[in-house]
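Undergrad: the sequence and its predicted three-dimensional model are supplied below.
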Amino acid sequence: MNQKLTRNIRRTTGAVIAGLLVAGLSAPLMAAELPNATKKILKELKLDASILSGLDKEMKVPKAWVDGARKTGKLRIHSSWSNSEFVAMSAPFRERYPFIKIKYSRPKRNDRAIKPLIALKTGRYITDIVNGLGGKVFLYYKDDLLADLRELPNSANIPAGMMDKKGRWVGVRLRYWCAAYNTKKIKKADLPKTWGDLLTMPALRKGNLALANRPNQWVVNLWSAKGPKWTTNFLNELFTKVKPQLRKEGTSALVGLLVAGEFNMSISAAPFRVQERQELGAPVGFHCPDPAPVSITESSILKGAPNIDAAKLYINWVLSKEGQIAKYSADRATPIHKDLIKMARFRPLGGEGQSGNKVAMRGPKEALMLPDLYKVWGPLWDGHSGIKYTVVTTKILAKKRGGRFLEIKVGGKTHKVTVSGRRTKIKVGGKNVSRKKIKVGMTCAINYPGHKGEAKTIVCP
């Protein structure tokens, strides 16, 4: 290359960068300079770099944000991703912004939502970003404690309905919760097109449908989309006519039992759990009747957070194509970016088993509907499970995993009691409290179905 041409290229490049700086925008890392972490992710997912078209534009942010983030050099995030998932998904961001040191925490659901709020009311910040507030997000509305995320350039990438109208939260990922089925027992052509079709499928009768006690993952979506009346009638017929197996196992364990032939279909199921079994050659498929239940994981930034510029950079990056693909590589949840969400490549198992494009969303608004749903679901579950509850008054001998499990003495034997963060109603000193308020040594009245059962109520003086 001759010297004159080289000088012209340098002048042109310098002019472009100068123009960005004058406009108050930081110079983006160009597509040719993708982070090594991003290149690795694309290679592992067998994606061409062209899928990131427009990324240069998405990475343009106000220069003041970059300067502010460089000045503080810190970022605190509270979320529900495992530590390994977060490390994997955030690798490209850390490469792009190496001057930001991230402190990541994975508090329990209630702590994640309530502790930052309590701290704010005393003038303290214990995090900058909170993911997964769910229905608790409304507790932050009253005192206007959340930053407006509509100023993020990449908020324009979010489909309608997946961001708060005032920008107080924005969706960062989607998770489908549908049905897993044994492909040796049910043909794809016979799968239910709608949820109502479950009620008339012969292959699901005689205990060949298994339900997990997780209505928050799919029924609340129907409660919102189709209404309480329709959903109540549907549940009554499901429990009384189809008569499913009511299983105490979690959704992941049910997929394993499905593969073993214990039943023909299980609800609810996550697509990545089904995919894990498929890759091992198991006869299992994933199917979403219409409408497909989808949950949103939302992110919020605390207003006035000490590291607010770094927080804006991070959420803006997560909403970019690069951020969404990095997140998908770590947790296999469907991207929320308007261009990626349409691609079968990122939908559950390539879109397998979905009868249409309609979805029933579960976001913060739907989370507030859960108490009304439990009033219908609870009696049906208890009444058809054959489980008998007994109230015992006894001393708490041990407490494990923040109160998820308790040990008590009943009739001279040690019983283990499961305590749900959502379903178990707990009172201490006459006040409704979380399970972590239960202390070893307390004498409590526990309404439960026996050893290893889940308590309905726990009342301690």
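TA: Looks like it came in fine.

Undergrad: CA atoms for contacts and neighbours, from now on please.
TA: OK.

Undergrad: which one is residue 163 nearest to, not counting chain neighbours?
TA: Closest residue to residue 163 apart from its sequence neighbours, by CA to CA, 6 or more residues apart in numbering: residue 170 at 4.3 Å.

Undergrad: now the one you found. Its backbone dihedrals?
TA: The phi/psi pair for residue 170 (degrees, to the nearest 10) reads phi -140, psi 140.

Undergrad: so it is in contact with residue 164, correct?
TA: Yes: proximity of residue 170 to residue 164 meets the contact threshold set by CA atoms under 8 Å, at 6.3 Å.

Undergrad: neighbour count: these two, which is higher?
TA: Each of residue 170 and residue 164 has its neighbours counted (other CA atoms under 10 Å); residue 170 has more, 26 against 17.

Undergrad: for that one, which residues are in contact?
TA: When the contact criterion is CA atoms under 8 Å, 6 or more residues apart in numbering, the partners of residue 170 are 149, 155, 162-164, 298-300.

Undergrad: run through the bridge partners of it.
TA: Using DSSP bridges, the bridge partners assigned to residue 170 are residue 163, residue 299.

Undergrad: that one and residue 93: what is the separation?
TA: With distances taken as CA to CA, to the nearest Å, residue 170 is found 19 Å from residue 93.

Undergrad: same question for residue 247.
TA: The span separating residue 247 from residue 93 equals 41 Å under the rule CA to CA.

Undergrad: same deal with residue 297?
TA: According to CA to CA, residue 297 stands 19 Å off from residue 93.

Undergrad: and what of residue 71?
TA: Counting by CA to CA, the gap from residue 71 to residue 93 is 17 Å.

Undergrad: domain ranges for this protein?
TA: For the chain, whose domains are defined here by automatic domain parsing, the residue ranges read 28-175+296-350, 187-291+373-381, 389-460.

Undergrad: give the helix, strand or coil label for the residue nearest the centre of the chain.
TA: Nearest to the mean C-alpha position of the chain, by CA atoms, centre = their mean, lies residue 297 at 4.4 Å. In the three-state summary, residue 297 is assigned as strand, counting by DSSP: H, G, I helix; E, B strand; the rest coil.

Undergrad: hmm, back to that, mind putting the contacts of residue 170 into a markdown table with distance to residue 257?
TA: Converted to a markdown table, those look like this (distance: CA to CA, whole Å):
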| residue | distance to residue 257 |
| --- | --- |
| 149 | 43 |
| 155 | 41 |
| 162 | 35 |
| 163 | 37 |
| 164 | 39 |
| 298 | 32 |
| 299 | 35 |
| 300 | 38 |
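
Undergrad: list the contacts of stretch 302-314.
TA: Here stretch 302-314 makes contact (CA under 8 Å, 6+ apart) with 61, 65-66, 68-69, 72-76, 93, 100, 125, 127-130, 144-148, 152, 301.

Undergrad: of residue 247 and residue 93, which one has the most company?
TA: Regarding residue 247 and residue 93, a neighbour count based on other CA under 10 Å identifies residue 93 as having more, with 20 against 15.

Undergrad: how about the contacts made by the more buried one?
TA: Residue 93 sits next to 314, 317, 323 when contact means CA under 8 Å, 6+ apart.

Undergrad: element containing it?
TA: Residue 93 is located in helix 91-96, with elements delineated by DSSP states H and E.

Undergrad: mind saving the C-alpha coords of that helix as CSV?
TA: Coordinates of each C-alpha in helix 91-96 appear next as CSV, following Å, rounded to 0.1, in the frame of the first residue of the first chain:
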residue,chain,number,x,y,z
ALA,A,91,-17.2,-12.5,28.9
PRO,A,92,-17.7,-10.3,25.8
PHE,A,93,-18.8,-7.3,28.0
ARG,A,94,-15.8,-7.6,30.2
GLU,A,95,-13.6,-7.7,27.2
ARG,A,96,-15.2,-4.6,25.7
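
Undergrad: report the buried residues of it.
TA: Applying a neighbour-count criterion of 16 or more other CA atoms under 10 Å, one finds 91-94, 96 buried in helix 91-96.

Undergrad: chain center to it, what's the gap?
TA: Its chain's C-alpha centre and that of helix 91-96 lie 22 Å apart, by CA atoms, centre = their mean, to the nearest Å.
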